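J.: output the structure for:
(chains A and B)
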Amino acid sequence: MTTVYINKQPIEIEFGSTIFEAAAKAGIKIPTLCHVENQIPKGACRVCMVDVEGAKSMVASCTTPVSEGMKITTNSKNVREARKFVVELLLSEHCGECKTCTRNNDCELQSLALELGVMDITYEGEKLKSYIDDSTPSLVRDSGKCIKCRRCITVCNEIQGVGSLFAQGRGFESRVGPAFDQQLDGVTCVQCGQCAAICPVGAITEKEHIDFVWEAIEDPSKFVVVQTAPAIRAALGECFDYEPGTLVTGKMVSALRLLGFDRVFDTNFTADLTIMEEGTELLMRLKKALVDKQQVALPQFTSCSPGWIKYAEYFYPEFLDNISTCKSPQQMFGTVAKTYYAKKAGVDPKDIIVVSVMPCTAKKFEAQRPEMNDSGFQDVDYVLTTRELGRMIKQSGIDFRALKDDVMDSPMGSGSGAADIFANTGGVMEAAIRTAYEIVTGRELPLENLHLQPVIGLEGVKKASLLIEGCRPEWNFLEGVELKVGVAHGLGNARKIIEAMRGGEEFHFIEVMTCPGGCIGGGGQPRFTTNEIRLKRIQAIYQEDEGKLIRKSHANPEVQQIYEEFLEKPYSHLAHKLLHTKYNSRLN
Amino acid sequence: MATQTTVEFQDCKGNQIHENELYERLLIIVKSQRTVPGALIPVLQTAQNLFGYLPEKALRMVSKELKLPYSEVAGVVGFYSYFSTTPKGKHTVRVCLGTACYVRGGQEVLKAMTKELGISVGDTTPDRKFSLEVGRCFGACGLAPVVMVGDETFQRVSPSKVNDILNSFD
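T.: Predicted coordinates for the structure are as follows:
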């Protein structure tokens, strides 16, 4: 430990910490536009300048380590003017108009300019060239708005291990992007949108579907149904100034009705359906391996997260047979809405428009994958991020905070607690185990302490093993088997677990979620997400689960109903046709 | 990336050498550098020495073998003016525009060079004999303005000397 003085206040901090960390510990705010939690600081934005007694010039607090007795000033005329100067320079080349920017009122550069009292740009200089890359179905990049803070480079490379974005060129001509100014659709971008979630300005955003959705709602010939992923209810409130981790399920349903959707349904319904199909698939793979002694791809990977699917198609095509053939809950919903529900409600499926609200940008890509049309139509028509739903609610003039709670429609509007936790890292695994355990042993799991503790929380790679005992006769081959499961969130961690597998570590079932923290930390969630906020949203989701009477997927009566009336049983011929898919190597 | 024309390669003795052999050599070098931290820039320099420029295929090989994202390799190539992704002429002409050369007429020399060669900075003559670049100080300010052609240095160059300099190369 070492002692430093910030604005004369003594602060004890670990040796090797930076000034920025010391200030944060003391509750002293230093502005920054480039800092990324738990990552090596880049010192790119120069906004975090502080005065250090005896130093030649002002230093960037994020890259300067503390030394014993260091005397730091974060608030003086010099410091304030230096920061203001830096922001003025950034604004002088920033090619964007706040009034018409999607980040208006939600922009870190804009609010910092206000905070620092920038009232005038004294430097009239050359503006950045605005080059728009809207080549992918999910993301739009505008080089004119980019302030080259490099946060997106950090998440794309260090956290996700994708490496699509890097700094190109130098000087005023430098820009962030793929190699040799290619567009995102020409490189290995998985469209997770973590770059869009961390961008301080409007340089990377989701490709909006808002106008398409409004148009569909206005069209009297269309029957517009909406599904909402579990992660939305724990984050949408943040768009309306609720504390992170506030559950707004009931208000969200009310808002969706007021927006004009004909039916408000729940992706949780198909999350439960996913568990039925994916759990059955796992048990069948285990049976093939253990009883029939056949060659079968194990471990089985989960398939709910479209960024992870695309990542595997690019980087690990040799493991595509290991990925569950189950479509994601979003896609299962689209298919059953335009088959099962269309028939039940007597609506021509060609007139049904399925809108999803997802915490995710990659879901926009997934919805338009060419194979996702088993209903005979594009299964999911439009995908809104949580942020876009927030914007639509604002556009419609709804006073969200004043709304009363409402409940979703039937028969695709109810989900078990197991479906809720799909939003959290470890949640799909826990949900699968809740159901698989009961199928295999015939014994009910007690609701008390239902959580699978080792797979909960923000550790990057989590592992658990479960000894299977007391099997029903037909599952006797599993008696005494130690089921080894792994959970990874953030694609960099997915790579770690795959490398561990290659190194000989044994797993039977692995859950991968593309984004840190799982879907609650998705690329389409309200900005700005830190681990503290991730934990709050995770907690809210567990609270939603714990508040439900039905907490296991197989116990969801609407799920039982769809099997009775339509699909017959998990993995039936029809289920296979509608609910399962295949993957293609993108390696070239 | 610019489309690549057919390029003939020569070894240091001026003998024709097949492209595939250069890639084999590069592969051996890159593989030997796999575990070396900070290997990217030296490897790129080696690749450029082998090919005379950095063809896309070589960059992809470097990216794959060093396990670095292609975007990062491209970022480094684009950052340093030394690296080029287009084939160079047999001789690279570099006119210094560092401070000392600039104030002593470097700009005029460059203008003459541009006119004489009929190309702009960064380009190569159609006969692939000369490429034209701008240098930012060769560390020979006492000799300003300076022009380098390949490894050879020319001092106190005036616009009228440009023709003679170029004619001394075949």
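
J.: residue of the stretch 51-200 of chain A nearest chain B, please.
T.: Distances between the stretch 51-200 of chain A and chain B by Cβ to the nearest Cβ are smallest at residue A:163, namely 2.6 Å. In short, each C-beta sits where N, CA and C put it, glycine included.

J.: the residue nearest to that residue when sequence neighbours are not counted and residue A:569, how far apart?
T.: Nearest residue to residue A:163, sequence neighbours excluded (Cβ to Cβ, 6 or more residues apart in numbering or on different chains): residue B:69, at 2.6 Å. From residue B:69 across to residue A:569, the span is 45 Å (Cβ to Cβ, to the nearest Å).

J.: and these two? which has more neighbours close in?
T.: Between residue B:69 and residue A:569, counted using other Cβ atoms under 10 Å in any protein chain shown, the more crowded position is residue B:69 (22 against 12).

J.: confirm for me that residue A:297 is in contact with residue A:285.
T.: Yes - judged on Cβ atoms under 8 Å, residue A:297 makes contact with residue A:285 at a distance of 7.2 Å.

J.: who are the neighbours in contact with the closest residue in space to residue A:93 that isn't next to it in sequence?
T.: Nearest residue to residue A:93, sequence neighbours excluded (Cβ to Cβ, 6+ apart): residue A:128, at 5.2 Å. For residue A:128, the contact set (Cβ atoms under 8 Å, 6 or more residues apart in numbering or on different chains) comprises A:93-95, A:143-146.

J.: so which residues of chain B form strands?
T.: Taking DSSP state E, the strands of chain B run over residues B:9-10, B:16-17, B:91-96, B:130-135, B:147-149, B:152-154.

J.: for the chain, longest helix please?
T.: In the absence of a named chain, this looks at chain A. helix A:267-290 (DSSP state H).

J.: can you look at chain B instead?
T.: Ranked by residue count, the top helix of chain B under DSSP H comes out as helix B:19-32.

J.: for chain A, what's its nearest residue on chain B.
T.: For chain B, Cβ to the nearest Cβ, closest residue to chain A: residue B:69, 2.6 Å.

J.: OK, contacts around residue 70?
T.: If you meant another chain, say so; for now it's chain A. Contacts of residue A:70 (Cβ under 8 Å, 6+ apart): A:4-5, A:19, A:52-53.

J.: not what I meant, chain B
T.: With Cβ under 8 Å, 6+ apart, residue B:70 has these contacts: A:163, A:178-179, A:187, B:59-60, B:63.

J.: still on that earlier bit, give me the local confidence score for the residue nearest to residue A:93.
T.: On pLDDT, residue A:128 comes in at 92.

J.: could you chop the chain up by domain?
T.: Just going to use chain A. A:2-75, A:89-206 (automatic domain parsing).

J.: to clarify, I was referring to chain B.
T.: Taken from automatic domain parsing, chain B resolves into B:9-79, B:91-167.

J.: can I get those in TSV with mean pLDDT?
T.: Supplementary listing: these in TSV, determined by pLDDT from 0 to 100:
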stretch	mean pLDDT
domain B:9-79	91
domain B:91-167	93
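
J.: can I get stretch A:201-214 in CSV, CA atoms only?
T.: Provided in CSV are the C-alpha atoms of stretch A:201-214 (Å, rounded to 0.1, in the frame of the first residue of the first chain):
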residue,chain,number,x,y,z
VAL,A,201,-20.8,8.9,-29.0
GLY,A,202,-23.0,8.0,-32.0
ALA,A,203,-20.2,6.4,-34.1
ILE,A,204,-21.4,2.8,-33.7
THR,A,205,-25.1,2.1,-33.2
GLU,A,206,-27.7,-0.6,-33.9
LYS,A,207,-29.4,-0.5,-37.3
GLU,A,208,-32.8,0.8,-36.3
HIS,A,209,-36.0,-1.1,-37.1
ILE,A,210,-38.3,1.4,-35.4
ASP,A,211,-39.8,2.8,-38.6
PHE,A,212,-40.5,-0.6,-40.0
VAL,A,213,-42.3,-1.5,-36.8
TRP,A,214,-44.4,1.7,-36.8
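
J.: quick check: mean pLDDT across that stretch?
T.: 98.

J.: do stretch A:57-69 as well
T.: Throughout stretch A:57-69, pLDDT has a mean value of 96.

J.: any buried residues in that stretch, and which?
T.: A:58-62, A:64, A:66 (16 or more other Cβ atoms under 10 Å in any protein chain shown).

J.: show the buried residues in the contacts of residue B:70.
T.: A:163, A:178-179, A:187, B:59, B:63.

J.: tell me the contacts of the residue nearest to the spatial centre of chain A?
T.: Closest residue to the average C-alpha location of chain A: residue A:522 at 1.4 Å, with Cα atoms, centre = their mean. The neighbourhood of residue A:522, defined by Cβ under 8 Å, 6+ apart, consists of A:193, A:197, A:231, A:358-361, A:385-386, A:514-515.

J.: now, the buried ones among the contacts of residue B:70 that are in helices?
T.: Per DSSP H, the buried ones among the contacts of residue B:70 map to helices at B:59, B:63.

J.: nearest to chain B: which residue in the stretch 401-550 of chain A?
T.: For the stretch 401-550 of chain A and chain B, the shortest gap (Cβ to the nearest Cβ) falls at residue A:495, measuring 11.1 Å.

J.: tally up the residues packed near the residue lying closest to that residue once chain neighbours are set aside, please.
T.: Nearest residue to residue A:495 in three dimensions, chain neighbours excluded: residue A:161, at 5.1 Å (Cβ to Cβ, 6+ apart). Residue A:161 has 17 neighbours, counted by other Cβ under 10 Å.

J.: all the helices of chain B, in order from the start?
T.: Going by DSSP H, chain B shows helices at B:19-32, B:40-51, B:56-65, B:70-79, B:99-103, B:106-117, B:162-167.

J.: in the third one, what's buried?
T.: In this case it means helix B:56-65. B:56, B:58-59, B:61-63, B:65.

J.: taking those residues, tell me the two that lie furthest apart.
T.: Maximum pairwise distance in the buried residues of helix B:56-65, criterion Cβ to Cβ, is 14.9 Å, between B:56 and B:65.

J.: picking that back up, and residue A:371, which of the strands of chain B is closest to it?
T.: Going by Cβ to Cβ, the one of the strands of chain B nearest residue A:371 is strand B:9-10, 45.0 Å.
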